[in-house]
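Visitor: coords please:
(chains A and B)
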Amino acid sequence: MNPSEVLLLRNISKSFPGVKSLSGVHFELRKGEVHALVGENGAGKSTLMKIIGGIYSPDEGEIVYRGQPTKWSNPQQARASGISIIHQELKLAPSLSVAENVLMGTTLPRNRLGFIRWERMYERSRELLSSIGSDLDPKRKVGELSVAQQQIVEIARALSIQADVIIMDEPSATLTGKEIDRLFALIRLLKSRGVGIIYISHRMEEIFEISDRCTVLRDGQWIRTLETRETSDKELVRLMVGRDVSVLAGKREGELPSGREAPLLGVTGLSDGKRFWDVSLRLNAGEIVGIAGLVGSGRSEVLMTLFGATRAAKGDIRLEGEPVSLDSPRDAIRRGIALVPESRKEQALFLQMGVGENMSVLRLKDLSAAGWIRMKQKEALEQESRERLGVKTASLRNRIVNLSGGNQQKAILARWLSLSPRVLLLDEPTRGVDVGAKEEIYTIIREMAAEGLGLIVVSSDLPEVIGISDRVYVMRQGRLVAELQGGDIHEETIMMHATGGQVS
Amino acid sequence: MNGNPAMTETGREGAARLNWRGIMDKMGIVIVVLIISALFAVMDENFLTWSNMMNMLRQTAINAILAAGMTFVILTGGIDLSVGAIVALAGVSGVYFSQWMPALPAMLLGTLVGAAAGYVNGVLTAKTKLPAIIVTLGSMTYLRGIAYVVTGGYPLILNDGSFIKMGQGYLGPVPIPIVIMLLVYAVFFVILKYTVFGRNVYMIGGNSEAAFLTGIRVVPRMTWVYTISGICSGIAGVILSARLLSGQPNVGSGYELDAIAAVVLGGTSLAGGMGTIVGSLFGALFMGTLSNGLTLLSVPYYWQLIIKGIVIVLAIYIDRLRQRGARG
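Guide: Numbers count the residues shown, from 1 in each chain, chains lettered A, B, ... in the order given. As a prediction, the model looks like this:
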């Protein structure tokens, strides 16, 4: 074993009843290296991550950690020996303070009687936080923090146990601009201290910015490990999916509808009184409008208000020139407004129900007589939805929780398309979705625009916003600060407006 | 992450396990009922006789009917602690009305009192967004109080012969409470499976925010769910008073826990969104078979309580294991 290697996995295989999830996977991590782990959803990244973290033990193969063959029998052991996982869905105690969350898993400072020394706790967590450039108040409750801030708490926690290996599972999924820069600065700092980092992400530009090497997995198989600077995004994607795809959404060709007549959706002076103020925007039929901005800038809240899920405190919403009041999602749906919300699992999916029912839910009323569902028609609709959007599932009765993120998202799109809406609001439509499915979702979005729908896309993925939008609004701190068109739509301008001047 | 290993990666893997789990979800309690029935049949020759079976089912009917309504409540992720108190109040009311009118309207009015109590539970839970356990803990207490106030604390004697039939009569060879129980289950089975309302109950329980964001009217649905539980408690209260020949304000305490236990034993998740009505029937049958068999075997009542208690804890434990498996 090369002495600079901190972790080596040799020929790892893991099966679950009926299915082989990993077979013969190799992986090595050097000290001070950022090693990207890439592959589509279902390629085996999470399984590999769980094996390294001691959550699963491999059926075959060997793990060498710090030069010693190792077998962890539980995640606590792995953690105690310096392996820290930062999960995509953060594992924090929302009702406890930042300090308690940061220092959870360390020996808490105590006085001679064994009671907690709170000042010391706040002090220590403040030190850890400020070492990663955060001025979060250690006394605040974690539940009150934004997702981005919670992630900072997670990272500080990993630092508190002085991890040798940190596994980051899509850490940037909920961050934007400055925050990602801060994360990368932090990763570089950790590198310089000799920490090995396994970085899991779907975003190509991040992999190329931050990683030293990449390992590609596909269908549970190790495909290749490459030096990042010797490869290209095209090659990586090809290795991941086993075929050629264009990574980024290309521009739509053809004439854009003019904005002379009354727009499909016209919003003037909209405020919810808490998270955004005085937002005015318009959306034409057949148009894809992006809303960019940092997390917390009020983008999702605008969509929730346009969907009637939160009430507007002030402002005017018009559909084709006609003023409407949207007091509930029911109102919005009745008027042909649809929303694919930010968080699939929490806001959209009925996890324990079948794929079919998740797609037909909006049409149950129409498919029933006096409350009785016509099962044949319902199944026909579900079948049609599945084929139209190419949702991959063995059966429509399969619980949707078992599908990959991309297929879940396609099912949600199918749900809304079953209603033939006029306006479709999409909040982070490709978060946690693998490259192949991303491409399909872009195609669907473009087809819908071509059919005359108006679409608003909120996304933290800048290349996505740029690639897919005809026009882009930028939000900062609850206000619309810019409207960009044509050649003005590029990363620097968007980031300049989103951050308030400093080009990141 | 807390997913079952096979459930997290792809749909393909999930499908292979799903069949097995699907069968266990639906059949697990059925198999358990068959096993303990077989055990009791071997240990006591009187167990498998027609008269003992009918007796056991008649005793089970009240818990089973309560569990049927409770299934709706638990499927939405709620709980109804007031069912025992509604049983008492509805029974007392039914007997009270029977002093002034024929049996049928009196029984309907008694049931309606139960429905009204459930409706209030539903409105309070849905509108105030207070946890159902708090709302129904309150109503459990005040409804019991109302039952005492109505009767002045004494039992009301039931004199109406047709009313008494409700608890003691037969339809052919089958006791009427059993017929009612089967009817309730048949109707609820169809509602949960084939109506928009039934599917909405699962959706609200599975993910109430997603239900709201797909335009499902959560408040009226929830109100109906608690009203249904109230109706079931009302029916059970009327049957119980007919069996006891009186409306007694102190009956039914602890029935809520038996009903919850039956529902959970039947595989319905306390977290909501997952479970079946048939499961609850077998959950109730399991509890009925258990006490019937233990009584036949002359196990003292105090010991039966101990065994029942252990079974309830086991049921919750099993529920937790199931959730760990099913929530991704």
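Visitor: ok now do A:Asp461, which residues does it touch?
Guide: A:203, A:428, A:430-431 (Cβ atoms under 8 Å, 6 or more residues apart in numbering or on different chains). Where you see a C-beta, it was placed from the backbone N, CA and C, and this is true even at glycine.
Visitor: Can you list phi and psi of it for me?
Guide: Main-chain dihedrals, A:Asp461, degrees, to the nearest 10: phi -90, psi 100.
Visitor: now do A:Arg334
Guide: Main-chain torsions, A:Arg334, degrees, to the nearest 10: phi -60, psi -30.
Visitor: Give me the nearest residue to it, chain neighbours excluded.
Guide: B:Gly215 (7.8 Å; Cβ to Cβ, 6 or more residues apart in numbering or on different chains).
Visitor: Then A:Ser459?
Guide: Taking Cβ to Cβ, 6+ apart, and ignoring the residues beside it in sequence, A:Ser459 has A:Val465 as its nearest neighbour in space, at 4.9 Å.
Visitor: a helix runs through the one you found, doesn't it?
Guide: Yes. The assignment for A:Val465 by DSSP: H, G, I helix; E, B strand; the rest coil puts it in a helix.
Visitor: Is it correct that it is in contact with A:Tyr473?
Guide: No. Using Cβ atoms under 8 Å, A:Val465 makes no contact with A:Tyr473, being 9.9 Å away.
Visitor: count of residues packed around residue 119?
Guide: Went with chain A since none was named. Other residues near A:Glu119 come to 9 when the count uses other Cβ atoms under 10 Å in any protein chain shown.
Visitor: I was thinking of chain B, sorry if that wasn't clear
Guide: Using other Cβ under 10 Å, B:Tyr119 is surrounded by 18 other residues.
Visitor: Excluding covalently adjacent residues, which one is nearest to it?
Guide: Leaving aside its chain neighbours, B:Tyr119 sits nearest to B:Thr227 (4.6 Å; criterion: Cβ to Cβ, 6+ apart).
Visitor: dump the residue contacts of that neighbour.
Guide: If you count contacts by Cβ under 8 Å, 6+ apart, B:Thr227 has them with B:115, B:118-119, B:122.
Visitor: is the helix or strand hosting A:Glu301 anywhere near chain B?
Guide: Per DSSP states H and E, A:Glu301 falls inside helix A:299-306. No. Contact of helix A:299-306 with chain B (Cβ under 8 Å from any Cβ of the partner chain) is absent, the minimum separation being 8.9 Å.
Visitor: what does stretch A:210-219 give?
Guide: No. Stretch A:210-219 is not in contact with chain B by Cβ under 8 Å from any Cβ; minimum separation 9.2 Å.
Visitor: end-to-end on that stretch?
Guide: One end of stretch A:210-219 sits 25 Å from the other (Cα to Cα, to the nearest Å).
Visitor: CA-only coordinates of whatever helix or strand comes next after the helix holding A:Glu301, as PDB, when you get a sec.
Guide: From helix A:299-306 onward toward the C-terminus, using DSSP H and E, the following helix or strand is strand A:314-319. Listed next in PDB are the C-alpha coordinates belonging to strand A:314-319 (Å, rounded to 0.1, in the frame of the first residue of the first chain):
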ATOM      1  CA  LYS A 314     -50.100  42.500  -1.300                       C
ATOM      2  CA  GLY A 315     -50.000  42.500  -5.000                       C
ATOM      3  CA  ASP A 316     -51.900  41.600  -8.200                       C
ATOM      4  CA  ILE A 317     -51.800  38.300 -10.100                       C
ATOM      5  CA  ARG A 318     -53.400  38.200 -13.500                       C
ATOM      6  CA  LEU A 319     -53.900  35.200 -15.800                       C
END
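Visitor: which other residues reach the very next helix or strand once past strand A:314-319?
Guide: Scanning forward in sequence from strand A:314-319 by DSSP H and E, the next helix or strand is strand A:322-324. Residues outside strand A:322-324 that contact it (Cβ under 8 Å, 6+ apart): A:316-318, A:331, A:335.
Visitor: Would you list the strands that strand A:322-324 pairs with, along with their directions?
Guide: strand A:314-319 (antiparallel) (DSSP bridges).
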